[in-house]
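Q: Sequence below, structure please.
(one chain, ligands or ions: 1)
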Amino acid sequence: MVRIAIFASGGGSNAEKIIQYFEHHPTIQIALVISNNKNAGVLGIADRYKVPSQVIHRKDMYESDHLLTLLKNYKIDLLVLAGFLWLIPAYLISAYTNKIINIHPSLLPKYGGKGMYGHHVHEAVKADQSAISGMTVHLVNEKYDEGGIIFQKECKLNQDMNATEIAAEVLKLEHKYFSAVIENYITTHINRLK
Ligand code: GAR
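A: Okay, the predicted model is just below:
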């Protein structure tokens with residue numbers, strides 16, 4: 001079994017899709033959900049699907065080995081960031097080299113970097129009157145949104161769409177493709193790395 005920990009800060013609609021996709025998977029299991037926000041909707045989703053969950057505090061991530069110990073205890077092989085807003089520290093990237101993947105709601109390298117998350121991304125796309133947007137799945141390195149790109153999918157935008165409508169269009173793509181991209185990455189990389 002390849003065991004995944006999903007990291008999420010918010011509502012967790014992507015996390016829910018991923019949990020559903022792998023619920024009866026023969027070789028991949030969602031073993032843990034981690035959030036930095038005790039009020040995050042993703043925690044209720046984890047409960048509903050009986051996936052263990054943990055809330056972490058800043059010091060757990062940046063000033064102690066609490067998080068690494070937690071991931072080892074749960075025998076986690078791969079970290080999936082699904083709307084997780086904290087920067088991943090260097091020690092975690094070394095411990096999980098090429099085993100941390102993130103989803104971003106734009107066509108990186110456009111509209112990425114610090115402060116570019118959620119609605120900020122879609123408002124910037126709108127401000128540019130961009131004709132397209134999309135989603136990116138990428139590996140995580142020490143800089144926000146700069147790791148190697150695994151997958152991208154674009155969608156066309158109408159000039160009369162507002163940022164909320166752009167967000168909804170991009171989220172549809174995320175829900176449609178993210179789980180299968182994770183599965184494919186595991187099949188082609190993680191099984192070999194284990
Ligand atoms: C998703 O659109 C994801 O791409 C974005 O947060 C949203 C989470 O939605 N991630 C970022 O902006 C990371 N920079 P969800 O909680 O409904 O899955």
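Q: buried ones in stretch 80-92?
A: Neighbour-count burial for stretch 80-92 flags 80-84, 88, 92 (criterion: 16 or more other C-beta atoms under 10 Å). No exception for glycine: its C-beta is placed from N, CA and C like everyone else's.
Q: now check that stretch, is it near the ligand?
A: Yes - residues of stretch 80-92 are located near the ligand by C-beta under 6 Å from any ligand atom, namely 82-83.
Q: What does the pLDDT read for residue 115?
A: If you check residue 115, the pLDDT there is 92.
Q: Oh, that last question was meant for residue 134, not what I typed.
A: Residue 134 carries a pLDDT score of 98 in this model.
Q: for residue 191, same thing?
A: Note on residue 191: pLDDT of 75.
Q: Now for it: which residues touch it?
A: Contact analysis of residue 191 by C-beta atoms under 8 Å, 6 or more residues apart in numbering lists residue 2.
Q: That one falls within a helix, correct?
A: Yes - looking at residue 191 with DSSP: H, G, I helix; E, B strand; the rest coil, it is inside a helix.
Q: Do you know the pLDDT at the residue lying farthest from the centre of the chain?
A: Centroid-distance maximum for the chain: residue 160 at 28.9 Å, with C-alpha atoms, centre = their mean. If you check residue 160, the pLDDT there is 96.
Q: any idea which element it lies in?
A: Under the criterion of DSSP states H and E, residue 160 resides outside all helices and strands.
Q: could you pull out the strands for this structure?
A: Residue ranges of the strands in the chain, as given by DSSP state E, are 2-7, 28-35, 53-55, 78-81, 100-104, 132-139, 149-156.
Q: ok, residue 42 touching residue 7?
A: No - counting by C-beta atoms under 8 Å, residue 42 does not reach residue 7; the two are 9.2 Å apart.
Q: shared neighbours, the two?
A: Counting by C-beta under 8 Å, 6+ apart, the common neighbours of residue 42 and residue 7 are 33, 35, 82.
Q: Show the contacting residues for the spatially closest residue to residue 163 that is not a sequence neighbour.
A: Closest residue in space to residue 163, ignoring its immediate chain neighbours: residue 122 at 4.1 Å, by C-beta to C-beta, 6 or more residues apart in numbering. For residue 122, the contacting residues are 105, 133, 163-164, 166-167, 170, by C-beta under 8 Å, 6+ apart.
Q: Keep only the residues you listed that also lie close to the ligand.
A: Residues of the contacts of residue 122 in contact with the ligand (C-beta under 6 Å from any ligand atom): residue 105.
Q: who wins for neighbours among the contacts of residue 122?
A: Comparing the contacts of residue 122 by number of neighbours (other C-beta atoms under 10 Å), residue 105 comes first, having 28 neighbours.
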